[in-house]
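[1] Next comes the sequence, and after it the predicted model I'd like to discuss.
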Amino acid sequence: MPQTSAAGVLALLSESEDVLRQYAIQALLPLVPQFWAEISEHIEAIETLYESQELSKESRDAAALLASKVYYYLGEYDEALSFALGAGAAFEAESRAKGSEEYSAARAIDRYIEGRSSESPKTEDDSRLQSIIEGIFRRCIEDGEYKQALGIALESHRLDVIKHIFTLTSDTELLTYVMEAVLDTGFKLSYRDEVLHFLLPLLPPPSPHSPHIYTLTRILVTLSDVSLTIPLFTLLVPKEKLLALQFAFDFVEGGSQEFLEALRNELPTGKDEFEKEIYDKIRQILGGEESIKLYLEFLKKNNKVDMQILKATKDSLEARSSVYHTALTLQNAYMHAGTTSDLFLRQNLEWLGRASNWSKFSATVALGVIHKGYIEQSMSILGPYLPGADPSVTSSVYSEGGALYALGIINAGMGSARGVEAYLLDKLKAATNEVVQHGACLGIGIAALASQSQDAFDALKEKLFTDSAVASEAAGYAMGLVKLGSGAEDCSDEMLQYAHETQHEKIIRGLAIGMAFIYYGKQEQADSIVEKLLADKDPILRYGGVYTLALAYAGTANNDAIRKLLHVAVSDTSDDVRRAAVTSLAFLLFKTPSHVPRIVQLLSESYNPHVRCGATLALGIACAGTGLQDAVQLLEPMTKDPVDFVKQGAFIALGMILVQQSEAASPSISSIRALYTKTVSEKHEDPMARFGAALGQGLIDAGGRNVTISLQSRAGSRNMKAIVGMVLFCQFWYWYPMAHCACLAFEPTGILGLNEDLKLLKFDFVSNARPSLFAYPPSAKPPTKEAVEKVATAVLSTTAKAKAREKTKEKEKAAQDGDVMETDEKTEKKTETDDVAMKEEVSGSAPVPAPAVGKSGDISPILGSMFGLPPVTTPKRPRPAEPTSETLSNFSRVTPAQLPYIVFPSEGRYQPIRPVATSTRSKSPRSSIGKVPERPVGGGGILLFVDRQPDEPAEFLELGTEERAIPIEQNQQTGATSAPAASTVMQVDEGVQEAEPPESFEFSLLGIVNILIEPLHLI
């Protein structure tokens, strides 16, 4: 019979004998969850027993534990924790249980972490708390729950516990866990650097296929300390030269210009010719040009742009509208980004010639996006448009400004090393037109990204002080880009002061975003400027404060920063600030994309359309390239929003999320593509919605369908260029030419295998997944003309009656004359014997199909002439089962989601020097489709391979070296750059393959007959 009361046991607490009171305490412990209310009436007696010296220590500890449980159920958590600390061993013994003990343990850990973080004097409770935490550490280690112990140790600054656990296990994965925790959560910069310096010597020296290569790369890139990186190369060069070259390529992926240049300068020359040659190759790689060249050739070779999509968009959007012209320009630039393919421009010179003013500016910038990374030929490609190219020709200032901007995009982050920065500075100083100055400033900012060049900053500041709305706005952006991540307070103070003095909103906005760039990644160091900006009365500066907060804590998912952004999103009086606050959530949470839909779900249903628009971009940027179905389900209804710019944001976000997604992997992609086509072709649709749909089409097929959009590098660190590019892209709300910067976030996805001589090898590898899961999307079908069906002529009832009367009169007149006419009724009458005879006549032969009767009752004349032929039957072929794997060759596209399924056969000649991917795959590729995807960290890209058969001759892939014709040239007659014109020698684009001739065939009349009959039999 179940117990209904604890009164009997409680009565024993007042007994005089210690044995009975001890028994009562032990008996009440398991009764607390059910009878805590009744027991709470005797809490004073329980506390008295805890303080009594007559009982044994074990009994007093049990009394403290009993009091802790009662206070937990009463909601007095501080009292519960206080008595839990007094319980000592009794609490430690029962803290494995769920309920009050588990909660009290959590409270104890929180108090311990808080005490370790502060410098307050220790008390008696602290010593008791210390013993409990030590017991928790001990128990976690005994149970093998190492990650729990590491998490507590990391937050409580107990690095000695981390070292102790690694000494016991020698598991580098645990050090990787600590590294990811300290980098991807909101720890202070000083403590973060302390932990990374502590982890670095614990990691064992890297060797081929070591699982901690990515961890080592990320630590060194984050610290960007040359003194820590040089010893790694000096260790690897004599013994593991391939691994040293691999580290150089990986550093280029995430390192800044300043770090890479310092590393190149500090590298030793080598002890002998062997080492000197290797160090020269490392310097060559660290220059960045080798990686850019390989990715450029990869995009050129694998270009799969569907020209039919661009043609359909061009036919649907009116070229006379500058908005639609810009939309198609951006769509073509995105789809051909990095491919160097100018085929669409060549084929549509008349359309391109309609660009005027700022549309011409954008069209010229698009050349930079298309040829992004083509550093060697950047000056020759843009030569006809650069200022002073031909003194005899008066060119358009919009083309000149766009060419300078495009030059910066082609040399993004590489301008300092190749002299492009100096060239742009000269053009900026010589320019007198604000449009040319605008393009030069943006080009300098992107080319000298994070170079910390003081000369460039001073020149831009001088241009800022001219107070030109067009030129000074770009100067504000560029000043922040040059000083990206420096945290220079003197620069930000000077920019803030001028923002308060000027009256131009465009200049204030450029300075606000520029200040945000200066504090990129500075976390708590940016708190003071963030508070100052968010409290400013100018909404544009509050707008900049939101982006400053987002960039300072980019990728950390810091709770305080998220809380501030959500508060601004629902409380600020400016719609622009609220929209920016919601969008900025993406820059904090892009490493945990599965959390974003849940956070912005309510914001996506806000009454304020600007908040809803911000929610669309937050989903698109944070979940880019993941195909996350939760995000797609939130965005699909927003494509039907009554507000045009909300629909625009939804279309753009869907393109970002579904980039490189196949129909088998993402069921909604076919419907989204159809929605894009319908929206673009619908002339009565809102112009902003059509603009967004065109951009979405470009993003979903970006880079010839061979790039993804990712805000983190392959090693897992923040992708600086991508984050900056997306922040600039978000400014297209005010200025369309900023949308070109989205190409900075495009990351090629493929496996590029090299040998020690940096030559592309020819080999195959296996993808253990169904080919349809990661296949290219099918080509769009051209629109078909619908056949017009003839409609039967309507016959009025009066006409039919009149004809019937005339026919009756004719019959009567003929009967009177004695001339009897044969009627159809007589011929249609058949006797039963005729039917039998017909059946006997055709018995034993193949069944004869009845003549086909049309809608009007006519017999088909073709079938009538073929009567008696046997019907044509088409046997149904069984659908072949799809293979579970496929073989791919080097230099092939491999999407991020596909990386965990890539396998190099053990018997193969070439093996990668490091793991292809760090993430583990599920048992079935299909099991992860449509669920919450985890973005793979690390993998793919440029890989060095070990040759197991070095004595045998190797086969290599040849790279194309031919130069392309420039798609735009000066109009000599008018003296203006009006349109891209065909080069005198047109070259066939590499991405277009010539069609093969048809196979030989024989003409047969019977074959044509069968073709005509077969559809009628199917009916």
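    In hand now; what should we look at?
[2] Grab the most central residue of the protein for me.
    residue 624 (2.4 Å; Cα atoms, centre = their mean).
[3] A helix includes that residue, no?
    No. Assignment of residue 624 by DSSP: H, G, I helix; E, B strand; the rest coil gives coil, placing it outside any helix.
[4] So it versus residue 726, what's the distance?
    8 Å (Cβ to Cβ, to the nearest Å). Placement of C-beta: from N, CA and C, glycine included.
[5] what ranges of the protein fall below the confidence cut-off?
    Along the chain, segments meeting pLDDT under 70 span 1, 92-104, 118-126, 389-394, 416-417, 784-797, 815-876, 918-938, 960-1019.
[6] And the helices in the stretch 201-350 of the chain, which stretches?
    213-223, 226-236, 241-254, 257-266, 273-286, 289-301, 307-316, 322-335, 343-347, 349-352 (DSSP state H, counting those that start in this stretch).
[7] Now mean neighbour count and distance to residue 497 too, for those helices, in JSON lines please.
    Below are the helices of the stretch 201-350 of the chain laid out as JSON lines (neighbours: other Cβ atoms under 10 Å; distance: least, Cβ to Cβ, whole Å):
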{"stretch": "helix 213-223", "mean neighbour count": "24", "distance to residue 497": "33"}
{"stretch": "helix 226-236", "mean neighbour count": "16", "distance to residue 497": "35"}
{"stretch": "helix 241-254", "mean neighbour count": "23", "distance to residue 497": "34"}
{"stretch": "helix 257-266", "mean neighbour count": "18", "distance to residue 497": "26"}
{"stretch": "helix 273-286", "mean neighbour count": "17", "distance to residue 497": "38"}
{"stretch": "helix 289-301", "mean neighbour count": "21", "distance to residue 497": "38"}
{"stretch": "helix 307-316", "mean neighbour count": "18", "distance to residue 497": "46"}
{"stretch": "helix 322-335", "mean neighbour count": "25", "distance to residue 497": "35"}
{"stretch": "helix 343-347", "mean neighbour count": "20", "distance to residue 497": "45"}
{"stretch": "helix 349-352", "mean neighbour count": "17", "distance to residue 497": "43"}
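[8] Export only the CA atoms of the host helix or strand of residue 398, formatted as PDB.
    Taking DSSP states H and E as the criterion, residue 398 maps to helix 397-410. Output in PDB follows, covering the C-alpha atoms of helix 397-410 (Å, rounded to 0.1, in the frame of the first residue of the first chain):
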ATOM      1  CA  VAL A 397      33.600  58.700 -65.600                       C
ATOM      2  CA  TYR A 398      31.200  56.000 -64.500                       C
ATOM      3  CA  SER A 399      33.200  53.400 -66.400                       C
ATOM      4  CA  GLU A 400      36.500  54.800 -65.000                       C
ATOM      5  CA  GLY A 401      35.100  54.700 -61.400                       C
ATOM      6  CA  GLY A 402      33.700  51.200 -61.900                       C
ATOM      7  CA  ALA A 403      37.000  50.000 -63.400                       C
ATOM      8  CA  LEU A 404      38.900  51.100 -60.300                       C
ATOM      9  CA  TYR A 405      36.400  49.400 -58.000                       C
ATOM     10  CA  ALA A 406      36.600  46.200 -60.200                       C
ATOM     11  CA  LEU A 407      40.400  46.300 -60.000                       C
ATOM     12  CA  GLY A 408      40.100  46.200 -56.200                       C
ATOM     13  CA  ILE A 409      37.700  43.200 -56.300                       C
ATOM     14  CA  ILE A 410      40.000  41.200 -58.700                       C
END
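[9] What helices and strands are in contact with it?
    helix 358-370, helix 378-382, helix 420-430, helix 434-447 (3 or more Cβ pairs under 8 Å, 6 or more residues apart in numbering; DSSP states H and E).
[10] how about those in TSV, adding distance to residue 909?
    Converted to TSV, those look like this (distance: least, Cβ to Cβ, whole Å):
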stretch	distance to residue 909
helix 358-370	37
helix 378-382	38
helix 420-430	41
helix 434-447	41
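[11] roughly how far is stretch 509-519 from the heart of the chain?
    How far stretch 509-519 lies from its chain's middle: 24 Å, per Cα atoms, centre = their mean, to the nearest Å.
[12] thinking again about what came up before, okay, and the common contacts of residue 624 and residue 726?
    Common neighbours of residue 624 and residue 726 (criterion: Cβ atoms under 8 Å, 6 or more residues apart in numbering): 711, 745.
[13] Return the residues in contact with residue 329.
    Contacts of residue 329 (Cβ under 8 Å, 6+ apart): 355, 359, 362-363, 366.
[14] quick one: which of those residues is nearest to residue 197?
    residue 366 (45.3 Å; Cβ to Cβ).
[15] Identify the spatial nearest neighbour of that closest one, chain neighbours not counted.
    residue 333 (3.9 Å; Cβ to Cβ, 6 or more residues apart in numbering).
[16] With residue 259 instead?
    Closest to residue 259 by Cβ to Cβ, 6+ apart is residue 224, at 4.2 Å.
[17] my guess is that neighbour meets residue 257, correct?
    No. Using Cβ atoms under 8 Å, residue 224 makes no contact with residue 257, being 10.9 Å away.
[18] out of the helices and strands packed on helix 397-410, deepest packed?
    helix 434-447 (a mean of 30; mean count of other Cβ atoms under 10 Å).
[19] other SSEs contacting that one?
    In terms of contacts (3+ Cβ pairs under 8 Å, 6+ apart), helix 434-447 is packed against helix 358-370, helix 397-410, helix 415-418, helix 420-430, helix 454-464, helix 469-482.
[20] Please work out the angle formed by the directions of that helix and helix 397-410.
    Here the directions of helix 434-447 and helix 397-410 differ by 0 degrees (axes from the mean of the first three to the mean of the last three Cα atoms, to 10 degrees).
[21] Just give me how far helix 434-447 sits from the chain centre.
    Between the centre of helix 434-447 and the centre of its chain there are 28 Å (Cα atoms, centre = their mean).
[22] ditto for stretch 187-202
    That offset, for stretch 187-202, works out to 29 Å (Cα atoms, centre = their mean).
[23] List the buried residues in it.
    For stretch 187-202, a neighbour-count test (16 or more other Cβ atoms under 10 Å) marks 187, 192, 195-196, 199-200 as buried.
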